[in-house]
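> My questions concern the predicted model and sequence given below.
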Amino acid sequence: MRFAATLALLLASASVSAADYTAREGSTLGFSGAYQGEAFTGRFEKFTPSIRFDPADLAGSRFDVRIDLASARTSNADYDPELAGASFFDTGRTPEARYIATRFRALGGNRYVAEGSLTLRGASHPVPLTFTWTPGASPVLAGEATVRRLQFKVGTGEWADVELIPDAIKVSTRLVLAPAPAAPAKAG
């Protein structure tokens, strides 16, 4: 009986730690839109996702992603400085965006929706992220969301004109995950 209780405790603690992940090298967080009808793509070179996900325990799942806004790159020498400026990300005042999701829905198969909230430039709004989950030793989370940039005051002044840049910006991510290191035991 004692063995069964110990085994149950070990399995329960293993499943909790197995659901906590960090991103491995090769993970991406990108965005795409259009400027005067011409498509552009970009990426955030620095972002820190903390992922707790278990398809069998959606209620216990959580995403917390911190995004370094100054790391936004489009590979366009004209766009990149403008993105960091006051009209767009205003990285001098708001260096970070944050996405937090604590509610999840299964769509069938390996597809899910994270009902999260994005905080950017002092504004917080719901932004659902639709994603696939490929389990394994290094699970892969691949997802897409649409961000309404004007809700977050991204592209102010002349840039608020949706004829120049549409309001809807696509965000995509592909996270190759690794189990998060176990938290150190507390001394008692």
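Noted; the coordinates are in hand.
> quick one: the strands in the chain?
All strands of the chain, identified by DSSP state E, fall at 20-23, 28-35, 38-44, 47-52, 62-68, 72-73, 96-108, 111-120, 123-134, 140-148, 168-179.
> wait, doesn't residue 126 sit right on residue 116?
Yes. The pair residue 126 / residue 116 is scored as a contact, 7.3 Å apart, by Cβ atoms under 8 Å. In this view, the C-beta of every residue, glycine as well, is placed from N, C-alpha and C.
> who's more crowded, those two?
Taking neighbours as other Cβ atoms under 10 Å, residue 126 and residue 116 compare with residue 116 leading, 21 against 11.
> who's in contact with the more buried one?
63, 99, 100, 101, 102, 103, 126, 127, 128, 129 (Cβ atoms under 8 Å, 6 or more residues apart in numbering).
> give me every residue that touches the closest residue to residue 62 other than its chain neighbours.
Spatial nearest neighbour of residue 62, chain neighbours left out: residue 52 (4.5 Å); criterion: Cβ to Cβ, 6 or more residues apart in numbering. Counting by Cβ under 8 Å, 6+ apart, residue 52 makes contact with 19, 20, 21, 60, 61, 62, 63.
> With residue 139 instead?
Contacts for residue 139 (Cβ under 8 Å, 6+ apart) come out as 21, 53, 133, 177.
> 6 Å instead, please
When contacts are counted by Cβ atoms under 6 Å, 6 or more residues apart in numbering, residue 139 touches residue 177.
> Alright, calling it a day.
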